[in-house]
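# sequence and predicted model, in that order:
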Amino acid sequence: MAGLFEKRRILIAAAALVAALVAGGLIWRGTAGRPNNVIIFVADGLRSGVVTPETAPELAAVRAEGVDFQNSHSLYPTVTTPNASAIATGHRLGDTGDFGNALFVGAPLGFPVMSPAPFIEDNAVIGLLNQRFGGNFLNETSLLEAARAKGYSTAAIGKLGPVAIQSAAARDGKGTIVLDDAFPPDDFPLPADVKAAIRAAGLQATPPDRGLNSWPGTSIMPGVRVANVEQQDWFTAVATKVLLPRFKAANKPFVMVFWSRDPDGTQHNQGDSLNTLAPGINGPTAMAAIRNASKDLGELRKALKDLGLDKTTNIVVTADHGFSTVSKASATSGAAKMRFDDVPAGFLPPGFLAIDLGKALGLPIFEPNGLPVLLEDGHPPHSGSALLGADPAKPKAVIAANGGSDLIYLPDADAKTLAPRVVEALTRQDYVAAIFVDDALGAVPGALPLSAISLKGSARTPTPSIVVSFRSFQVPGCPKAELCAAEVADTTLQQGQGIHGAFSRADTHNFMAAVGPDFRKGFVSPAPVSNADWAITLARLMRIDLKAKGELTGRVMSEALKGGRPTAFKARTVRSQPAANGFVTVLNMQEAAGKPYYDAAGAPGRTVGLKP
């Protein structure tokens, strides 16, 4: 009898130890076998059609060996942090509230931001947003956070901003390893053993800066002519020499997000096309950036093979958005007829939308920090974002500039009266392609409701009153519209440099592919997919329950998985009621498994890829 009691005591103690280890994330808590590992490789700003075996051999290899998502989609607005929030959570933007890289958040954020319309690709801003909006401004659990709670090893490394969003609420260094290219790199503490392993691998302790790659140039001096090689080599070395060996030694399944700043950063700043539309983002510098991202992916795959992890690791590759070339042309804009510092005569300045709306509405213009915009002295809004109204502390309108699209907020009590006036002014400008208005403001001729594009949901952050996408067009003499698109953009960059954000197919058609033990081999998928589908699909494979608060979720891409069957889909077109001058917003979209996918939107003739 004593022996039996002793055995029971040992079993109880062992069970308690296992429970403690599971709770601490030290052993896998799954059942029925171990799920495969996951690497999410984000090639920021990579266009689907630009990838070939010649331009990007390793990216093309993933597409050829595994699943080629031909009908892929970035979420609109087609900028980085909104799509980062979708990749992280599996929710579209009406739920995450990450409506743009620049947002209006109500009252000014605290030090060091001190602005009500911050640029959020910044760790300090993300931290303040979390403080403002319930500890997690996205209001949804991310895949990495859920995986960590399930016992996975987790990490997110690479580009400042979207890396933090993958685990937005984890900032203490005790959970997911977060390592980005902020400089100085002191926003997220690293575990001591990771720091030691970085040194032991012969690497410098912190990521190098971008060097010459960070130079955007001016209107009379071209930007960069080099890709972001040195910095990304460092991140690749950390991933292959430190993190992957660490994950293997832990003997647990892992998920890692590797966010490559190239080709995005280089395409933005490239100096191959100063003030001209050709070659734009198709010049040698942008092509070098695409090859750089492809090379990094190849090194990750080689490390997996060398470590014996290749057969148990799924690699999914996506881009947050496509890309276009900056155009600064408008025949209708009053702002383009004014003279500004560092803006060639006749070109649109940064903040042209704020300037034109300020004049149309008879409202003074202020910088987001409350200082007046001195148009008469040749100074447009510094970043493009601006406050409109006599009192910057109580603006009538707020413009958050986001490149190929701008967000307009009407925080005043007379928003319902002001919205039709704003829309009417927008329809008179040749640079406006598509207009969307908050459902709460009622139907406005010429515009579609925000709910039509999944921008109305359970978001904690303020919902934009109006979202405007700017005109896009095919560069003359360039054969493929999606690869040769230019778009009017509210940006400090120059004509001929790179941009995104518009509702054109050039910006919505991002690169997506997957390879690994859970995905089909050599499969070309015709079904529509988007960045909101990744977390939902991977959670299924990883046996993780992503508990949702909002309803704007993606779907499981079952047709791409082993044993999957075709997913039915259909296309449809939605049109607004015409404005008094005939302006109409047309939306091309698809539906699959009850989920929407948005191709392009705009007035006929003003959007690349739009089918009227």
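Sure thing, it's come through.
# low-confidence stretches in this protein?
For the chain, the stretches with pLDDT under 70 are 1-32, 168-173, 184-187.
# tell me the contacts of Gln495?
Neighbouring residues of Gln495 by CB atoms under 8 Å, 6 or more residues apart in numbering: 275-277, 326-329, 344, 347. Quick note: C-beta positions are derived from backbone N, CA and C, even for glycine.
# if I look at the closest residue to Asn213 other than its chain neighbours, how far off is Gly351?
Nearest residue to Asn213 in three dimensions, chain neighbours excluded: Asn228, at 4.5 Å (CB to CB, 6 or more residues apart in numbering). Using CB to CB, to the nearest Å, Asn228 is found at 28 Å from Gly351.
# what do you get for Gly217?
Computed as CB to CB, the Gly217 to Gly351 distance reads 19 Å.
# out of these two, which sits in the more crowded spot?
Neighbours around Gly217 and Gly351, counted as other CB atoms under 10 Å, are more numerous at Gly351. The numbers are 29 against 17.
# for the more buried one, grab phi and psi.
Phi and psi for Gly351, reported as degrees, to the nearest 10, are phi 80, psi 20.
# find the nearest non-adjacent residue to it, please.
Counting by CB to CB, 6+ apart, the residue nearest Gly351 is Pro381, at 3.0 Å.
# what number of residues lie near the one you found?
26.
# correct me if wrong: it contacts Leu357.
No: when contacts are counted by CB atoms under 8 Å, Pro381 is not listed as touching Leu357 (11.3 Å).
# for the stretch 451-600 of the chain, just list every one of the helices.
Taking DSSP state H, counting those that start in this stretch as the test, the helices found in the stretch 451-600 of the chain are 505-508, 533-542.
# checking the residue nearest to Gly351 next. Helix, strand or coil?
Three-state assignment for Pro381 (DSSP: H, G, I helix; E, B strand; the rest coil): coil.
# would you mind measuring from it to Ala336?
Applying CB to CB to Pro381 and Ala336 gives a distance of 15 Å.
# same deal with Met557?
44 Å.
# quick one, which of the two is more surrounded?
Met557 (28 against 21).
# ok, now which ones touch Phe183?
Taking CB under 8 Å, 6+ apart as the criterion, Phe183 is in contact with 207, 209.
# now it: which helix or strand?
If you go by DSSP states H and E, Phe183 is not part of any helix or strand.
# in this structure Arg301 contacts Glu58, no?
Yes: with contacts counted by CB under 8 Å, Arg301 reaches Glu58, the gap being 7.0 Å.
# which SS class is Phe41?
strand.
# my guess is it contacts Thr313. True?
No: the pair Phe41 / Thr313 is not scored as a contact, 11.4 Å apart, by CB under 8 Å.
# what is the burial count for the closest residue to His91 other than its chain neighbours?
Counting by CB to CB, 6+ apart, His91 lies nearest to Glu140, which is 5.1 Å off, once chain neighbours are set aside. Counted with other CB under 10 Å, residues neighbouring Glu140 total 27.
# strands of the stretch 301-450 of the chain, start to end?
313-318, 324-327, 365-366, 386-388, 397-402, 405-409, 432-437, 448-449 (DSSP state E, counting those that start in this stretch).
# go through these and name the closest to Pro108.
strand 386-388 (10.6 Å; CB to CB).
# parallel or antiparallel, list what pairs with the closest one.
Here strand 386-388 has these sheet partners by DSSP bridges: strand 365-366 (antiparallel), strand 397-402 (antiparallel).
# can you give me the distance of Leu307 to Lys248?
To Lys248, Leu307 is 5 Å away according to CB to CB.
# my error: substitute Phe41 in the last question.
18 Å.
# go on, Ile453?
For Ile453, the distance to Lys248 - CB to CB - is 43 Å.
# so what's the residue nearest the centre of the chain closest to, chain neighbours aside?
Centroid-nearest residue in the chain, with CA atoms, centre = their mean: Thr80, separated by 2.4 Å. The shortest distance from Thr80 to any non-neighbouring residue, by CB to CB, 6+ apart, is to Asp320 (5.1 Å).
# tell me, how many neighbours does the one you found end up with?
Neighbours around Asp320, by other CB under 10 Å: 27.
# can you pull the contacts of it?
Contacts of Asp320 (CB under 8 Å, 6+ apart): 42, 44-45, 74, 79-80, 83-84, 87, 162, 264, 510, 531.
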